[in-house]
Structures are given as C-alpha cells and as structure tokens.
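K.L.:
need a 3D model of the sequence below.
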Amino acid sequence: MPTLHLTHPCFLKHDTGYGHPERPDRMRAIDRVLQHELFNGLKREEAPLRADVEEQILLAHPKSYLDAIKRARPTDDGDAVHLDPDTVMSPGSWEAALRAVGAGLEAVDRVMDKASGTRNAFCQVRPCGHHAEATRAMGFCLFSNIAIAGLYARAKHGAERIAVVDFDVHHGNGTQDIFETDPNLFFASTHQMPLYPGTGALSETGVGNLWNAPLRSGDGGEAFREAFESRILPALRNFGPDIVLISAGFDAHRDDPLASLELVESDFLWVTDKLIEVADKHCDGRVVSMLEGGYDLTALARSVGVHVKTLMSAAD
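P.N.:
From the prediction side, this is the model:
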C-alpha cells in the first residue's frame, strides 16, 4: 500500500515576488530530496484540477469569498496582486490554489477507499492554507486546503469525526476559525507564541474541540514532545478520529528564518510516527498530510524527507 505523493509543476508558477519566503524554490528543494532512491516506493501523481473543486471550496468558504478571490486574480499578462502585505496572487496563483485544494480532495478520496490501495498521502502543494479563514486570505494562504479536505471527507465519504493536527510554527488560525463551533471537528496545534498571527492561546478551546499547545521562543524537541504527550495526543485518542489530517509545516526547525523554535528532523519523524500510531488504532491508518510552512530550504527538504519516509514505512 504505497504512500501517495501529489504535486504539480504549476506550483512553481505561483510567483510571490523577489525576497518572499514562500517561494517556488521550496518546491524545487523538496523535489530534489524526494528524487533519492529511498523514495522510489512513492506512488507519484499530479495534483488534479478537478471539475468539482469550486463546489468543494464552498464547504469551508462562502461563495462571496470564493467570488472575491476569483475577481482579485490578475490576468495572464497582469501584475501580481497583494491581498495583504504578505499574501500575493500572480497570474499562476489561481491554478496553483485550485490544484492545492484538489490534491487534498484526491488524497482523501484515496485513503478513504480501501480498494484504492492507498493508506496515507503527502500533498506537496503551494500556496499553503492553514491561515486562510472562512472569509479572509492571509499569511500566504488563499484557501484553507486542510479544512476543505476534512469537510470533504465528511460530505463525500461519511467520515464523522475529522481531526487536523498542525505542527507548523505559526498557529493555524484559519483551520481553527472554520472548525471551532463543531464538536465533531478536532483541531490541535503546537506553535510558537507570541508570533504571527497572534492566535492559539490555551484559553481558545472552541466547543471543547480545540487543543492549542503554545510553545515559547527557544523551546526545542523536549518541550514539543511534552506538548504532544501531555495535551494533544491524549485528546486525539479520546476523540477517536475517522481520518487524521496533518498541517505539516516545518518552520519550527531551528534553522528556519521566520521563528525561533529549536526542532530538528528527528522531532518531525517522532511526531509523524505518533500521529500514525493514533491513525492505526482508530481509523485504519488513514492519514493525509498537506505541506504548510518551512522556509530554510535545506531544513525544509530534510524535514520533509523524514516525514515522508515515516509515512512510507507505515504504509508498507
């Protein structure tokens, strides 16, 4: 049951401009590491441009928001548009955003269908999604890729209890915004605090379905693992998910330029393994991981490598 890997060349055409940390070179760095023979067992497919993608976006975003993003997109020969100081749409961004959502939908279809022979999946996509709130693009994100995937698992496949776990260094405020009023939608996050976007306090608990575990500047693997062992993993086990979705950001790495946590590759291997253990117990190993942040190219590539290899080992 090989791990499914979904990506597409169009993600290189989402042009955020000179000096922007969320840049096409992130895809190239990941491509290089995943070309190693260690990853020959991946089932590699292109992230699809699905006919139903706009319909599924409406699971997490109102039509007025979708229409506003469509209106904002530049023409094929137009200049880039800034939706906020950090969030850019270039002529190639619309297709990239639709294929990023489509990757999550396709991954969910495959892991929810036992006949597909797919146990888990990694979606190497951009733009990332976990900062996109229901009605607001922000933090490099246009659509909430992971929330859409989770809500689609419910709408299309009848999954009742959807879990998203986010270990990006920045709090996934968009996922939280979309999930926070539904007790059958679980969201857990480790993140540096204080830091952009300013959300993710322990006191933010939704309807008992939000499990934030903020970390302090300078915290490393010990504090990160303690947050998971004492807070997130017990809550996730108690929730009993029908599918586990991972917002896989690697900017908590000690070499990342946008924050100051001190994680290393072995920490990302550890947390991936722990989430797989929960999925194995509660939902036949169904895991969909979607790329979020990570801005030091070497650290990103190495961290994605151990994350994907751990997924592959679980799928063997």
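
K.L.:
elements contacting the longest strand seen in the chain?
P.N.:
Taking DSSP state E as the criterion, the chain has its longest strand at strand 185-192. For strand 185-192, the elements it packs on are strand 162-166, helix 173-179, strand 210-215, helix 233-239, judged by 3 or more C-beta pairs under 8 Å, 6 or more residues apart in numbering; DSSP states H and E. For the C-beta atoms, the positions are set from N, CA and C on the backbone; glycine is no exception.

K.L.:
for residue 90, which of the ones you listed is the nearest?
P.N.:
Among these, helix 173-179 comes nearest to residue 90, with 20.8 Å by C-beta to C-beta.

K.L.:
what's in contact with that closest one?
P.N.:
60, 129-134, 136, 138-139, 141, 144, 146-147, 150-151, 164, 166, 185-187, 189, 197, 199-200, 204, 206, 209-210, 247 (C-beta atoms under 8 Å, 6 or more residues apart in numbering).

K.L.:
going through the residues you listed, which ones are buried?
P.N.:
The neighbour count (16 or more other C-beta atoms under 10 Å) marks 60, 129-133, 136, 138-139, 141, 144, 146-147, 150-151, 164, 166, 185-187, 189, 199-200, 204, 206, 209-210, 247 as buried among those.

K.L.:
so which of those belong to helices?
P.N.:
Secondary structure from DSSP state H places 146-147, 150-151 of those in helices.

K.L.:
let me know the average pLDDT across stretch 75-87.
P.N.:
Here stretch 75-87 scores 94 as its mean pLDDT.

K.L.:
contacts for that stretch, please.
P.N.:
Residues contacting stretch 75-87 (C-beta under 8 Å, 6+ apart): 15-17, 69, 72-74, 88-91, 137-142.

K.L.:
buried residues, it. List them.
P.N.:
Going by 16+ other C-beta under 10 Å, stretch 75-87 has these buried residues: 83, 86-87.

K.L.:
please apply the same query to stretch 215-226.
P.N.:
215, 219, 221, 223-225.

K.L.:
ok so, going back, buried subset of the contacts of stretch 75-87 as a PyMOL selection?
P.N.:
To isolate the buried members of the contacts of stretch 75-87 in PyMOL, using 16+ other C-beta under 10 Å:
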select buried, resi 15+16+69+73+74+88+89+90+91+137+138+139+140+141+142
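
K.L.:
which SS class is the residue located most distally from the centre of the chain?
P.N.:
Distance from the C-alpha centroid of the chain peaks at residue 77, with 30.1 Å (C-alpha atoms, centre = their mean). Assigned with DSSP: H, G, I helix; E, B strand; the rest coil, residue 77 falls in the coil class.

K.L.:
which elements pack onto the helix or strand where residue 66 lies?
P.N.:
Counting by DSSP states H and E, the element that carries residue 66 is helix 63-72. Helix 63-72 sits against no helix or strand, with contacts defined as 3+ C-beta pairs under 8 Å, 6+ apart.

K.L.:
do that again at 10 Å, thanks
P.N.:
For helix 63-72, the packing partners by 3 or more C-beta pairs under 10 Å, 6 or more residues apart in numbering; DSSP states H and E come out as helix 53-57, helix 93-112.
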